[in-house]
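**Q** Using only what follows, build the 3D model:
(4 chains)
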There are 2 protein chains.
Amino acid sequence: MRNESKRRQSGCPIAFGLDTFGDRWSLLIVREIMLRGNKTYSEFLAAEEGISTNILIDRLKHLETEGIVEKNRDPDNRRSFVYSLTQKGRDLAPIILEIILWSGAHDHRPSALRDVLKKIENDREGFEAGLRAG
Amino acid sequence: MRNESKRRQSGCPIAFGLDTFGDRWSLLIVREIMLRGNKTYSEFLAAEEGISTNILIDRLKHLETEGIVEKNRDPDNRRSFVYSLTQKGRDLAPIILEIILWSGAHDHRPSALRDVLKKIENDREGFEAGLRAG
DNA sequence: CTATTAACTTGCAAAATGCAAGGTATAATC
DNA sequence: GATTATACCTTGCATTTTGCAAGTTAATAG
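**A** The predicted structure follows:
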C-alpha cells in the first residue's frame, strides 16, 4: 500500500494532489461513486476496467485514510459495506469534470462516450451540482 | 516505459485521462512548463521533488508520444533541447487549476504554499489565461 | 585539447501491480 | 440446521515499474 512516507514535502499543491489521487485507479473509484451511484466493493470490482481485488482494497483503504471516502455498514444488509464520498471527496467534482472535458476534446477514438459530454456542454453548472450531490 | 497496450478500452473519458497523465510525475512536468517557465531536461531534473533521470526521460517520451509536449532544439544552444506544450498540453490548464484549488482547500500543512491560491481567488480567469499562454 | 555541461543510458535492488486462488463472515435456500 | 451463495477481503507469486547510482555521448567553453 502506498504509505504516507511517500508524500512529497515540496509544498506544491499539484504534488499534494498527485500524492493523494495520482495513480491509475483512485479517481476511477471516485467516478464509480460520483457518476454511477455505485458504492460497494463488489460494484467497484465489476467496473469495466477490471481492477484486481488487492489493488481495489488498497486504494479504498488509501482513500479512506486520506479522508476522501468513508466506509459504513449497509443498514439493510449486514454483510455489505457502503463507501461514500466525504466533503473532501465531493470537492473532487471539478477536477473530474475538467478531465472529462479534456478527454472529450482529445480522445478521438470512436469508442469514446459522447453522451456525458453533451450533457455537460448543455448545462455545466447543473452537471457539476449533480456530481457533488452524489 | 508505459506502453500504449496499457491503455484501457472502456471508452470512459476519466480512464482516458488517467491513461495519459495519471501517475505521480507527468503533471509535475506539465507544471514546470506551465507555471514555472522551465523547459529543459536539466531544469525538470532540478525540480524540488527530485525525479530520477530514467523516470524523467520516460515521462517526457510518453508525453511527447501522447502529443502533450513537443521537443525541439534550442536555437541558441545546440546541445540543449526545449520542451513546450502543445495545444493539447495547454488544455490541461483547467485540470491543473482545479487540482491547485482542491489542494488549497484540503492541504492543511503549514508548508502549503498559499500565494498562488490568493492569486487564483483574486482573478481566476486571468490566472487560467496566463497558464494557457505559458 | 581539456574540462564542463546537457541529455541521456544502463544496471540492479526495491516496491508496486496484476492474476489466481484461498479464507471468513453473513445471509438465503433446502 | 445443513448447504449453498454472496460480500469482502487476504495471500502467494510472477511481472512490471520505480528509484538510485554510475556511466556514456555530444556540444561548448576556456
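
**Q** can I assume A:G130 sits in a strand?
**A** No - going by DSSP: H, G, I helix; E, B strand; the rest coil, the assignment for A:G130 is helix, not a strand.

**Q** That one and DNA strand C: what is the separation?
**A** From A:G130 across to DNA strand C, the span is 29 Å (CB to the nearest atom of the strand, to the nearest Å). (Each C-beta comes from the backbone N, C-alpha and C, glycine too.)

**Q** Kindly report the same for A:L117.
**A** Distance from A:L117 to DNA strand C, by CB to the nearest atom of the strand: 26 Å.

**Q** check which helix or strand covers A:L27.
**A** Element membership for A:L27, per DSSP states H and E: helix A:26-36.

**Q** And chain B, is that helix touching that?
**A** Yes - judged by CB under 8 Å from any CB of the partner chain, helix A:26-36 comes into contact with chain B at A:27-28, A:31.

**Q** Buried ones among the residues you listed?
**A** Among the residues of helix A:26-36 next to chain B, the ones that count as buried by 16 or more other CB atoms under 10 Å in any protein chain shown are A:27-28, A:31.

**Q** Chain neighbours aside, what residue packs nearest to the residue nearest to the spatial centre of chain A?
**A** Closest to where the C-alpha atoms of chain A average out (CA atoms, centre = their mean) is A:V30, at 1.5 Å. Once flanking residues are discounted, A:V30 sits nearest to A:L92: 5.7 Å by CB to CB, 6 or more residues apart in numbering or on different chains.

**Q** Just the C-alpha atoms of the helix holding A:L27, please, in CSV.
**A** The C-alpha trace of helix A:26-36 is given here as CSV (Å, rounded to 0.1, in the frame of the first residue of the first chain):
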residue,chain,number,x,y,z
SER,A,26,-8.2,6.2,-7.4
LEU,A,27,-10.2,8.6,-9.5
LEU,A,28,-12.0,5.6,-11.2
ILE,A,29,-13.3,4.6,-7.7
VAL,A,30,-14.4,8.2,-7.2
ARG,A,31,-16.1,8.0,-10.6
GLU,A,32,-18.0,4.9,-9.6
ILE,A,33,-19.5,6.7,-6.6
MET,A,34,-19.9,10.1,-8.1
LEU,A,35,-21.2,9.3,-11.6
ARG,A,36,-22.6,5.9,-11.4
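
**Q** Which positions within the next helix or strand after it qualify as buried?
**A** As assigned by DSSP H and E, the chain's next helix or strand after helix A:26-36 is helix A:41-45. By 16+ other CB under 10 Å, the buried positions in helix A:41-45 come out as A:41, A:43-44.

**Q** and the gap between A:E70 and DNA strand C?
**A** Distance from A:E70 to DNA strand C, by CB to the nearest atom of the strand: 20 Å.

**Q** that's a helix at that residue, yeah?
**A** No - secondary structure assignment (three-state DSSP) places A:E70 in strand, not in a helix.

**Q** who's it bridged to?
**A** Bridge pairing for A:E70 (DSSP bridges) gives the partners A:S84.

**Q** Can you verify A:R109 is assigned to a strand?
**A** No - the assignment for A:R109, made by three-state DSSP, is coil rather than a strand.

**Q** contacting residues around it?
**A** B:G11 (CB atoms under 8 Å, 6 or more residues apart in numbering or on different chains).
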